[in-house]
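Participant: no sequence on hand, only this structure:
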């Protein structure tokens, strides 16, 4: 028996990381010919965009795919980034688990130090050919060109050729060219689709694609503003794990426990550090904070001490993480990006995109953004299209395994105007749902970075953002439906009744009676009509309220308006309240029966995309009387205005608002 | 600009593999407290079962979970395996990407050299505590006990304590005990469910589980036979990649191209090697077969030469891989395993399990097995339960991302008697579908080994196996339904008609007429009734054919019978044909109207589970005349018997058979 144990022991050996992935290519996403090509393009483009943004350069990325043989392609990706210095090139392109972005706590596309080297490796495995990298750094005269492969047994690069070359007209940049066994297809999962979706979430990038038929497609920039550079931050203490705390304490250069907490973490002030130490029963000034060890460090902190620190961190209130480690796209640019790329679909409606405040899972800040596009030429009887993004990178595969999909499936879309059997699963209808997760550490289910793991904090935030955006969709659909119905009724009442009246009057030889009282009795609504017109750099907004009820009416009118563009000059009716986030309220204390009130204002200096549909709510009036605006949602938190004393300010909450609030609470409790 | 490039270069550094997984725990499946506990148990049990089987020991594995604190558990897994020699312990348990099974081409549970070390790592990260390993090798006096942790920066083990201990009553074996932050739940995804499913597909293992409430559950062995030990084979040339071929050629110890092909690969004979060389235009005796290199090896094989070899390999006919590198469970043991564990459900039917012949994807042999359980206390109005297994390990998570699920979803189960909207998606009904994929290299979608990647060859084989097993289910359901319907008709006709006849005869004072002619005219069927009885180690099989048609009938009766148990002694009607796979055909040349024929035979020396329902088909007769047996499927490939000349031997194929054949061809074409 011992000889078996000996035998087994003899077979034990180390596995090199590149050897591991060479044999487990599906883990890196190189498991089919179609996918391999997309993966290769994606890894190279991710690197180009990251490099440009880190160097503050507006990216211009060119992708060219050439067919070399039956199933062999050459892929070239060229950027205008800062370039890579010659001696760094081999490791960047020829060594797995090597990179600059893994240890940094900030949002970037590449995080693992695997992607581009894996591409080089699969190029070489499937075609036997080396990858050619050419790179030029700004103040050098020449570019360097290297042919390289990976030694998979050692996980080390081998340079087959290196020489200086003149790169005409290129001040700086990098180009990588690899050969790969693959299959080029168009369709839902394709290089083209990847380029299109990349353009949507990177509206500041100019993307050029030359396909195997030598057709050139250019996605021009929708914006000339680079996203603000993301800053590296210290780990956030929320959800910190014991092991990481001990590692950090063992390696810190800080001289005391208190200084360690303040300087090695985000969002811990001196005062808070003292509070944490007090709760943990430890001296803030304590200098030996490495883990105790009977022989080598008998006076260090014990395991129990570290557990107490973790417990104390859970008890104190810690500010949310800084937002500058993250680079969300932002509502306007999401809309711009979508409009820029989806022109051929001519959607009827772009829902107001949602960008959530950053939250934290296991010490990693993240934020969620959602946009919804509706109508136009989108197919009505098919599941909605889902566009998933992580750190501005489109996710094309493994939709079923992704937390984004699970969040969409567990949302009841019937409440937001989409078809959905049983209120579960992917909804049907002419819509595109875009979800972007940005984080200093996106928890992908595998190194292929195709799906986001179902981390509870993350999935809950996605669900919340979907519901908020869904509400904007629902508001639009409600408005559309009720207006079209009521319009028909109006036309009948306002055209037919007067006709009957005048005919009858004529017959009996009496004067035509005053009908507005009768009409209001039949209609019994406050009709709200609105419009946005964009002209000469200005948005002109009109909201008209007609009182077709037999009594005088009073109400609060609420709108969400980009405050920075609001023009007070020449304003006739001033809002009674303007909040920081652009939530405005007008008090309309009396609209006499059969009369109308106009609210007009102008927005100036905004992009056209920044405002294209009014979001209008009412309170202080029985909501069933109102056509053209929804009752104010329960979470609006407006100052209770005078008018609300005579009538309920907040309409009875709909079911979905209740859920929404519960969920918000549940998350706040975490 | 160059300073930016310099700056970026400075940040580049190596990432240790354990550091990588420490920060990407979701990739290893340690992304929730519930899952972490299951993963830890699973990795330890996988190792125990592999070690026992490699050493030829019938496994006995004990898992104990104790609750230490609010969310801290201690997990102990103890086996009766061969033990691990002391000096090998640290690397096995404390180093990621280190192991004995990665480089071997044969089926085993552990393949990656990651799992158990990851468990040690997450135990230590979440609780700060070391893992204790105790192991005893057979002919040593003492066991060794080590406390160890992983240095994640270096990916190397650190031993905190090691000492010899006396392990009472234990001749050999290993126990591993780790602490982990987790949450213990019961239910569909739980340690208990993992243990249960492990017992199903490892009927030779005795599994003991002691839960946190100290309740002990024992899964006794359903079989005392160890699965045949899997043998290591050379890579199979089918689907071989250029990169791997070049690597192998560069490293071979063989002296010629021909010897290299014959000795470094499976299934290449001298003759075939010559044929390959000829097709590639290369000399079989050529000695320098390393890759050409201008400087170092100018006379080696060129890239083009290697490509020609790959092309030639694609053109010649290569035998399927040896089967002894794989360890399928086998139909009988699948049934036994299921019966052993599912006793409380009392299923009405266990479909005849299917074990497919090995196929190859990218040079890796694999085989697929499918079993279906139907009825009993299984819920009727819910999606069927799917049990997924890879190399005898249950897969509990990521069902949606798995090729097994995709294969089930794309099968039209309506044809096999299950409910399914639109013939797509997971079917509904009182059934459990078990799928086992065994391979020398299971292509998991991530290191967590939760789902199998959708490799086309693999998914197609699963679909095929599902259809074959589905047909067995359908045969059962058809038989059940038509029999119960016809039975009612029979009862009426055979009881009521004679009553009427005798009454009428009495009234008119005439003799009771002979009714069998009338009855056959009304019935107009050949009624096939069958039974299997197991007594004293023998299966007694009876098939009775009643000819309730007005004419004499002839037909072929086909059955699938375990040939090895078929007893020819005392047999009255001999089968006209017996094929190797147990397909038997009886020619019944004449069954006179109103007469019956009995076919009786005995099977001896088989387990009771080996045969519990007759699978009966007919040909050579209009299938609408037959009740109690299905028409012979098109793929049976029986010798055309004489009788078939007068009537079509093969009944018109049903739609699903056609699909099935098309698919089979498609696969053969690959």
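Facilitator: Now that the structure is in, tell me what you want to look at. These numbers were taken from a predicted model, which means no experiment stands behind them. Numbers count the residues shown, from 1 in each chain, chains lettered A, B, ... in the order given.
Participant: once you drop chain neighbours, what's closest to residue A:340?
Facilitator: Nearest non-adjacent residue to residue A:340, counting by Cβ to Cβ, 6 or more residues apart in numbering or on different chains: residue A:222, 4.0 Å away. Quick note: C-beta positions are derived from backbone N, CA and C, even for glycine.
Participant: and that neighbour, how far is that from residue A:63?
Facilitator: Noted for residue A:222: a distance of 19 Å to residue A:63, by Cβ to Cβ, to the nearest Å.
Participant: neighbour count: the two, which is higher?
Facilitator: residue A:63 (26 against 23; other Cβ atoms under 10 Å in any protein chain shown).
Participant: contacts for stretch A:512-524, please.
Facilitator: With contacts defined as Cβ atoms under 8 Å, 6 or more residues apart in numbering or on different chains, stretch A:512-524 is touched by A:489-490, A:493-494, A:497-498, A:501-502, A:505, A:547-550, A:593-594, A:625.
Participant: kindly give a single PyMOL line that selects the buried subset of these.
Facilitator: Per 16 or more other Cβ atoms under 10 Å in any protein chain shown, the buried members of those correspond to this PyMOL selection:
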select buried, chain A and resi 490+493+547+548+549+550+594+625
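Participant: and the furthest pair within the contacts of stretch A:512-524?
Facilitator: A:505 and A:625 (30.8 Å; Cβ to Cβ).
Participant: quick one: contacts for the residue nearest to residue A:340?
Facilitator: Contacts of residue A:222 (Cβ under 8 Å, 6+ apart): A:203, A:204, A:333, A:336, A:337, A:339, A:340.
Participant: ok but it is inside a strand, no?
Facilitator: No. When DSSP: H, G, I helix; E, B strand; the rest coil is applied, residue A:222 is found to be coil, with no strand at that position.
Participant: need the pLDDT of it.
Facilitator: Per-residue pLDDT puts residue A:222 at 86.
Participant: still on that earlier bit, among the contacts of stretch A:512-524, name the ones in helices.
Facilitator: A:489, A:490, A:497, A:498, A:501, A:502, A:505 (DSSP state H).
Participant: in CSV, list those residues along with distance to residue B:433.
Facilitator: Output for the ones in helices among the contacts of stretch A:512-524, formatted as CSV (distance: Cβ to Cβ, whole Å):
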residue, distance to residue B:433
A:489, 56
A:490, 59
A:497, 67
A:498, 70
A:501, 73
A:502, 75
A:505, 79
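Participant: flag every residue of the stretch 351-500 of chain A that's near chain B.
Facilitator: A:398, A:400-401, A:441, A:443-448, A:451, A:453-456 (Cβ under 8 Å from any Cβ of the partner chain).
Participant: kindly recompute the last result at 7 Å.
Facilitator: A:398, A:400, A:401, A:441, A:443, A:445, A:446, A:447, A:453, A:455 (Cβ under 7 Å from any Cβ of the partner chain).
Participant: quick one, phi/psi of the residue of chain A positioned farthest from its centre?
Facilitator: Computed with Cα atoms, centre = their mean, the residue of chain A farthest from its C-alpha average is residue A:509, at 69.2 Å. Backbone torsions for residue A:509, taken as degrees, to the nearest 10, come to phi 70, psi 30.
Participant: I figured residue A:22 was touching residue A:126, is that so?
Facilitator: No. Residue A:22 lies out of contact with residue A:126 (Cβ atoms under 7 Å); the separation is 10.9 Å.
Participant: more crowded one of those two?
Facilitator: When residue A:22 is set against residue A:126 and neighbours are counted by other Cβ under 10 Å, the residue ahead is residue A:22, at 25 against 22.
Participant: residue contacts, the more buried one?
Facilitator: Counting by Cβ atoms under 7 Å, 6 or more residues apart in numbering or on different chains, residue A:22 touches A:121, A:125, A:152.
Participant: which of these has the most neighbours?
Facilitator: These, ranked by neighbours (other Cβ under 10 Å): first place residue A:121, 28 neighbours.
Participant: residues contacting that one?
Facilitator: Counting by Cβ under 7 Å, 6+ apart, residue A:121 has contacts A:18, A:22, A:150, A:152.
Participant: if we use 6 Å, what do you get?
Facilitator: Residues near residue A:121 by Cβ atoms under 6 Å, 6 or more residues apart in numbering or on different chains: residue A:150.
Participant: same check, this time on the one 10 residues further on
Facilitator: Counting by Cβ under 6 Å, 6+ apart, residue A:131 touches A:120, A:123, A:148, A:178.
Participant: quick check, nearest of those to residue B:244?
Facilitator: residue A:123 (14.2 Å).
Participant: quick check: closest non-adjacent residue to the closest one.
Facilitator: residue A:178 (3.8 Å).
Participant: can you report how many residues neighbour the one you found?
Facilitator: 27.
Participant: against chain B, how distant is it?
Facilitator: 13 Å (Cβ to the nearest Cβ, to the nearest Å).
Participant: what helix or strand does that residue sit in?
Facilitator: Assigned by DSSP states H and E, residue A:178 falls within strand A:173-181.
Participant: neighbouring strands for that strand, and are they parallel or not?
Facilitator: strand A:72-79 (antiparallel), strand A:131-136 (antiparallel) (DSSP bridges).
Participant: can you list the low-confidence ranges for chain A?
Facilitator: A:1-2, A:634-670 (pLDDT under 70).
Participant: domain-wise, how is chain A divided?
Facilitator: A:17-219, A:242-315, A:331-474, A:514-655 (automatic domain parsing).
Participant: what's the closest non-adjacent residue to residue A:394?
Facilitator: residue A:197 is the one closest to residue A:394 (Cβ to Cβ, 6+ apart), at 3.5 Å.
Participant: before we move on, what about residue A:32?
Facilitator: Residue A:32's closest residue in space is residue B:456 (Cβ to Cβ, 6+ apart), at 7.4 Å.
Participant: what is the neighbour count of the one you found?
Facilitator: 14.
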